[in-house]
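Participant: give the three-dimensional model of this entry:
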Amino acid sequence: FFFLMIRRPPRSTQGVSSAASDVYKRQGINAEYMGILMIRLLNKQNVFQRMALTLPFSSAAKHYDFLSLGGGSGGLFAAQHAKTYNKNVAIIDRHKLGGRCVHAGCVIKKIIYNAINIRTDMEHGAHYGVTFSSPKVEWLKLKKTWEDHVHSMHLEYLQTCNKDGIDFIQGNAKFISPHELQVENPETHEQTIVTADHIVIATGSRALMPSVIDGISHCLNVDSFFALKSLPKSVYIIGGGYIGTEIACSLAPLGIKTSLCMCEDSLVHFLDRDVSDLLMNYMKESGIKIFPKGRVNKVTKIDSKTFEISAGNHAPQKAEAVICAAGIAPNTEGIGLENTGVKTTPSGCIVADDYENTSVPGLYAIGDVTGKVILTPVAKTAGRRLVTRIFGGKPDSKLDYSLIPTVVFSHPPIGKVGLTENEAIAKFGKDSVRCYKSKFSPLFHEITKHNEPGLFKLVCKLPEEKVVGVHAIGRGVDEMIQGYAVTITAGATKYDYDNTLAIHPTEAERFVQMQQLHSISQFNRCLLYTSPSPRDLSTSRMPSSA
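Facilitator: Just a heads-up that it's a prediction; the model follows:
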């Protein structure tokens with residue numbers, strides 16, 4: 001069974017081969033369950049790590065056409081794409097394949113997000129004639145769920161590398177010259193030399209724990225938060241970015257007293273202000289304390305279960321746990337960059353141009369380590385475009401950093417792509433920007449009477465009304481925004497939206513129902529629509545000025 005799992009490409013999300021699955025089905029055994037048990041067993045016995053050292057450590061150097069220093073999203077996908085050009089490829093990483101996104105980031109957060117949504121929907125079920133008895137999230141069971149999923153993803157990555165002929169070298173790597181690395185086996189401390197014509201540095205990032213905060217050692221970071229075996233009754237979160245906002249929105253529905261302190265006056269600074277303000281107001285209504293424009297300066301341990309947090313913008317607060325989500329730091333220390341001539345910023349990020357080139361020919365950098373945009377799909381796409389440019393004969397291949405769709409998995413979720421209203425005004429001028437907004441209550445909650453907000457917004461550039469930004473908050477927008485990202489990438493205009501037939505009854509139809517006025521003189525720069533219910537589309541949708 002182990003042989004089938006390792007040597008055959010996975011046919012299911014749990015990494016169990018089709019052949020093994022058929023055998024177990026005939027014997028009445030759940031193959032997925034058996035796969036999970038095997039994954040747990042192999043992980044406990046450290047088999048994965050021993051398997052990973054596919055390159056023997058020896059005194060003889062091995063040369064590659066392309067090498068990824070880092071086996072996270074960016075490095076892994078860049079290596080896989082390089083292999084499609086029939087190149088000799090390797091990945092070096094001191095940890096398991098998958099990087100921060102898989103092991104301490106977006107994958108785990110999305111699983112928690114799903115769990116909260118399931119529980120909340122069950123609570124609303126009675127309004128639809130469906131009843132459940134006291135639905136609750138059991139943290140330890142949820143933790144086992146994401147641990148099993150993460151292990152299966154790591155196994156799948158190993159299988160893919162093995163199948164494609166990509167060497168995965170698990171060890172601590174350090175540059176000794178621009179195209180030469182020394183790699184040390186973490187178990188035996190043996191060393192080997194690896195060289196490559198093209199090396200992409202994709203070492204990712206780690207949680208930032210600011211030393212300016214007195215008592216920062218008392219704080220959890222995201223990694224240690226995910227390691228908790230039980231949840232505290234109260235929590236204080238430092239940071240109002242992606243991570244801080246998503247954690248706050250996940251803990252509060254579980255009945256945990258939640259507070260959040262942020263440096264800015266709005267959540268997740270790159271969001272359109274209309275959207276972030278709506279989320280912040282809803283979070284406050286949900287019982288989350290938010291302290292804007294604040295800086296935590298001290299965390300004091302009162303007793304084994306109580307910490308006191310001091311900040312400049314509010315009275316001292318007490319909580320059972322303090323989570324620091326104040327940002328990330330690039331993993332550039334200890335990899336020998338000083339031996340390459342690669343330039344870095346004062347914060348340690350690698351300086352890379354629009355084509356991911358560093359200051360040294362043949363050395364590139366992608367993902368978190370560059371400090372450009374800290375998102376998994378950005379690292380993946382930047383890596384693929386880079387490889388296409390190097391081996392695919394397309395010298396202009398690069399990622400357009402101005403068109404990046406993203407989702408904040410808050411409750412309710414937020415989706416955005418393109419420019420915010422303020423960014424568009426700064427770029428094109430106030431008189432060249434027109435916005436359309438639709439505020440609504442989701443149809444789902446018209447039944448439950450729950451006061452969850454909804455807002456869709458289009459940012460358009462005049463005179464052609466090209467859509468340069470799409471912003472949304474509300475139920476289901478996390479799955480909608482990808483499609484609207486396609487429209488912006490394709491250069492759609494407001495007319496294209498108006499000319500698109502709506503799908504009814506959906507929330508997404510609101511995007512194509514923000515009708516234009518016949519008289520241009522009636523326009524203000526921003527038009528607000530209080531949209532009718534999807535069940536009554538005959539209601540006039542003429543806007544009132546905002």
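Participant: paired strands for the longest strand along the chain, with orientation please.
Facilitator: The longest strand of the chain (DSSP state E) is strand 191-201. Strands flanking strand 191-201 in the sheet, each with its direction: strand 62-69 (parallel), strand 180-184 (antiparallel), strand 363-365 (parallel) (DSSP bridges).
Participant: how far off centre is the second one?
Facilitator: Average the C-alpha atoms of strand 180-184, do the same for its chain, and the two points are 30 Å apart (Cα atoms, centre = their mean, to the nearest Å).
Participant: closest one to Val200 among the strands paired with strand 191-201?
Facilitator: In terms of Cβ to Cβ, the element of the strands paired with strand 191-201 nearest to Val200 is strand 363-365, at 4.5 Å. Quick note: C-beta positions are derived from backbone N, CA and C, even for glycine.
Participant: run the chain-centre distance for the closest one.
Facilitator: Averaging C-alpha coordinates over strand 363-365 and over its chain gives two centres that are 22 Å apart (Cα atoms, centre = their mean).
Participant: quick one: the very next helix or strand once past that strand to strand 191-201, angle?
Facilitator: The helix or strand immediately downstream of strand 363-365 is helix 376-391, counting by DSSP states H and E. For helix 376-391 against strand 191-201, the angle by axes from the mean of the first three to the mean of the last three Cα atoms, to 10 degrees is 100 degrees.
Participant: so what does helix 376-391 touch, helix or strand wise?
Facilitator: When contacts are defined as 3 or more Cβ pairs under 8 Å, 6 or more residues apart in numbering; DSSP states H and E, helix 376-391 sits against strand 62-69, helix 73-83, strand 191-201.
Participant: closest one to Lys461 among the ones you listed?
Facilitator: Closest of the helices and strands packed on helix 376-391 to Lys461 is helix 73-83, at 31.4 Å (criterion: Cβ to Cβ).
Participant: low-confidence ranges, the protein, go.
Facilitator: In the predicted model, the chain carries pLDDT under 70 at residues 1-59, 515-546.
Participant: hmm, back to that, let's have the helices and strands packed on helix 376-391 in TSV, adding distance to Lys394 and mean neighbour count.
Facilitator: Converted to TSV, these look like this (distance: least, Cβ to Cβ, whole Å; neighbours: other Cβ atoms under 10 Å):
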stretch	distance to Lys394	mean neighbour count
strand 62-69	16	23
helix 73-83	12	27
strand 191-201	15	21
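Participant: helices or strands up against the helix or strand Ser250 falls within?
Facilitator: Assignment of secondary structure by DSSP H and E places Ser250 within helix 242-251. If contacts are counted by 3+ Cβ pairs under 8 Å, 6+ apart, helix 242-251 sits against helix 106-124, helix 222-226, strand 234-238, strand 257-261, helix 273-285, strand 406-408.
Participant: excluding sequence neighbours, find me the nearest residue to the residue nearest in space to the middle of the chain.
Facilitator: Nearest to the centroid of the C-alpha atoms of the chain, with distances taken as Cα atoms, centre = their mean, sits Cys106, at 4.4 Å. Nearest-residue entry for Cys106: Thr376, 6.0 Å, with adjacent residues in sequence omitted and distances by Cβ to Cβ, 6 or more residues apart in numbering.
Participant: test my guess that the one you found contacts Gly98.
Facilitator: No - Thr376 is not in contact with Gly98 according to Cβ atoms under 8 Å; the separation is 10.3 Å.
Participant: what do those two both touch?
Facilitator: Here Thr376 and Gly98 share the contacting residues Ser73, scored by Cβ atoms under 8 Å, 6 or more residues apart in numbering.
Participant: okay, and the beta partners of Leu455?
Facilitator: Under the criterion used (DSSP bridges), Leu455 bridges to Lys439, Ile473.
Participant: related to what we said a few turns ago, which one of the helices and strands packed on helix 376-391 lies nearest to Asp396?
Facilitator: Closest of the helices and strands packed on helix 376-391 to Asp396 is helix 73-83, at 16.9 Å (criterion: Cβ to Cβ).
Participant: next SSE after the closest one?
Facilitator: According to DSSP H and E, the helix or strand after helix 73-83 is strand 89-93.
Participant: what helices or strands is that next one leaning on?
Facilitator: strand 62-69, helix 73-83, strand 167-170, strand 191-201.
Participant: just to revisit the earlier point, need the helices and strands packed on helix 376-391 in CSV with distance to Ala326, can you?
Facilitator: Listed next are those as CSV, based on distance: least, Cβ to Cβ, whole Å:
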stretch, distance to Ala326
strand 62-69, 26
helix 73-83, 22
strand 191-201, 24
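Participant: of all these, which lies closest to Glu509?
Facilitator: The closest of these to Glu509 is helix 73-83. By Cβ to Cβ, the value is 33.5 Å.
Participant: who's in contact with that closest one?
Facilitator: Here helix 73-83 makes contact (Cβ under 8 Å, 6+ apart) with 65-69, 89-91, 93, 97-99, 101-102, 157, 160-161, 164-166, 200, 202-204, 366-367, 376-377, 379-380, 382-384, 386-388, 390-391.
Participant: what about the spatially closest residue to Ala90 that is not a sequence neighbour, how many neighbours?
Facilitator: On the basis of Cβ to Cβ, 6+ apart, the spatially nearest residue to Ala90 that is not a chain neighbour turns out to be Asp167, at 4.0 Å. Burial measure for Asp167: 20 neighbouring residues, criterion other Cβ atoms under 10 Å.
Participant: may I have the helix holding Ser250 exported as CSV, CA atoms only?
Facilitator: What follows is helix 242-251, C-alpha atoms only, in CSV (Å, rounded to 0.1, in the frame of the first residue of the first chain):
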residue,chain,number,x,y,z
TYR,A,242,-5.2,40.1,6.5
ILE,A,243,-4.2,37.8,9.3
GLY,A,244,-5.4,39.8,12.3
THR,A,245,-8.8,40.6,10.6
GLU,A,246,-9.4,36.9,9.6
ILE,A,247,-8.5,35.6,13.0
ALA,A,248,-10.7,38.1,14.8
CYS,A,249,-13.6,37.2,12.6
SER,A,250,-13.1,33.5,13.2
LEU,A,251,-12.7,33.7,17.0
